[in-house]
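1. sequence and predicted structure below; questions after.
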Amino acid sequence: MHSGQPAAPYPATLNDVAKVAGVSLATASKAINGRGDVAESTRKRVLDAAERLGFTPNQLARSLLAGRTHTVGLLTSDLEGRFVIPILMGAEDAFGAGQVNVFLCDARGDNIREQHHLKALLNRRVDGIIVVGRQTDPRPSLGQNVPVPVVYAYAPSEDPADLSLTPDNEAGGRMLVEHLISCGRTRIAHITGDPAYAAAQDRARGVHDALAAAGLELHGEVMFSDWSERWGRDAAAMLLEQHPEVDAIACGSDQIARGVLDTLRDLGRQVPEDVAVIGYDNWEVLTTNARPELTSIDANLQQLGREAARHLFKVMGTSEPRPAGTRYLPVRLVIRGSTIARR
């Protein structure tokens, strides 16, 4: 503090700085926040006044003056879910590089709780919101009256006016079959999960498309039921009793594939020599601990989270038109020993 300036009995405000510098409150704000449309002599006068008064604006106050809080809400339906966590990690990675703080809210699949969290996030003046679903079935929109941009990740919004990012499950289903065919397999069956899930239907559609493109037919019908190892064991036993000639099984999840491996082992079938097995989700605690290790489709969920964050970051605090529509992000094949034998 320069001599001749007594210490203030209370913290200095931006208004105090403006008065001492002889400028308007708006000009003082621009100078303090480093905006370019202030004359250098004026900026120096404001900064000198701020130093004399001991004015140090906190980050929240500064960002509110600039119309931004550099905070984002992540609103999820299932924080304990296998798919939500990597999406959130990817989003936080992307936001971390941009110095954005994240408020995480778990609605636990409850609409009333979700509305409560939405109001709380808006009261905190977040700059944007990412809504993360627990499955890829379309979900209700938060509506077009939300005052900040919203991006839907994993579960797309039912409203085409919203921007939604979701894995391309049909492409993943095609990838299952294309890989098995590339391994020389032609007698392919498909065991998958709950038919009420969009993911199960989309993957089955991809399986059928890839078989048709190769001039092949599925051995037996698509076997739908639970996303569980027990169902994988039971379904494989039924399948091989009816179709012992099957030389490959495309599974709708890694859990199902683990059950299929158990039954094949019990029946004395060698994997992959007699029957190749491929899973879905690339859940590494399952795939890398399987014997043999399990080939699987990875939905690239961390990348999906990063993309959601980038799309949100582009429009936060701008007047640009918000992008809309559902975008299907690529998945990838991770090859392990259950489809290709060691040489």
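-> Arrived safely. Numbers count the residues shown, from 1 in each chain.
2. helices and strands around the one helix or strand residue 44 maps to, which ones?
-> Using DSSP states H and E, residue 44 falls within helix 40-53. Using 3 or more CB pairs under 8 Å, 6 or more residues apart in numbering; DSSP states H and E as the contact test, the elements touching helix 40-53 are helix 14-21, helix 25-32. For the C-beta atoms, the positions are set from N, CA and C on the backbone; glycine is no exception.
3. strands of the stretch 1-150 of the chain, start to end?
-> In the stretch 1-150 of the chain, the strands defined using DSSP state E, counting those that start in this stretch lie at 71-76, 101-106, 128-132, 150-153.
4. could I get those in JSON lines, plus columns for mean pLDDT?
-> Listed next are these as JSON lines, based on pLDDT from 0 to 100:
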{"stretch": "strand 71-76", "mean pLDDT": "91"}
{"stretch": "strand 101-106", "mean pLDDT": "87"}
{"stretch": "strand 128-132", "mean pLDDT": "95"}
{"stretch": "strand 150-153", "mean pLDDT": "96"}
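5. out of these, which is closest to residue 120?
-> Residue 120 lies closest, by CB to CB, to one member of these: strand 101-106, at 7.2 Å.
6. given that closest one, what are its sheet partners and their directions?
-> Here strand 101-106 is paired, per DSSP bridges, with strand 71-76 (parallel).
7. who's in contact with the strand it pairs with?
-> Strand 71-76 has contacts (CB atoms under 8 Å, 6 or more residues apart in numbering) with 84, 88, 91-92, 95, 100-107, 114, 117-118, 121, 124-134, 309, 312, 316.
8. can you select the buried ones from these in PyMOL?
-> Remark: buried members of the contacts of strand 71-76, expressed as a PyMOL selection using 16 or more other CB atoms under 10 Å:
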select buried, resi 84+88+91+92+95+100+102+105+106+107+114+117+118+121+126+127+128+129+130+131+132+133+134+309+312+316
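9. residue 146 versus the closest residue to residue 37 other than its chain neighbours, what's the distance?
-> Distances taken as CB to CB, 6 or more residues apart in numbering place residue 30 nearest to residue 37, at 6.4 Å, with adjacent residues excluded. According to CB to CB, to the nearest Å, residue 30 stands 29 Å off from residue 146.
10. which of the two has more residues huddled nearby?
-> residue 30 (20 against 15; other CB atoms under 10 Å).
11. hang on, that one packs against residue 38?
-> Yes: the pair residue 30 / residue 38 is scored as a contact, 4.8 Å apart, by CB atoms under 8 Å.
12. now do the contacts for residue 233.
-> 259-260, 262-263.
13. name the nearest residue to it, sequence neighbours excluded.
-> Leaving out its chain neighbours, the residue that sits closest to residue 233 by CB to CB, 6+ apart is residue 259, at 4.0 Å.
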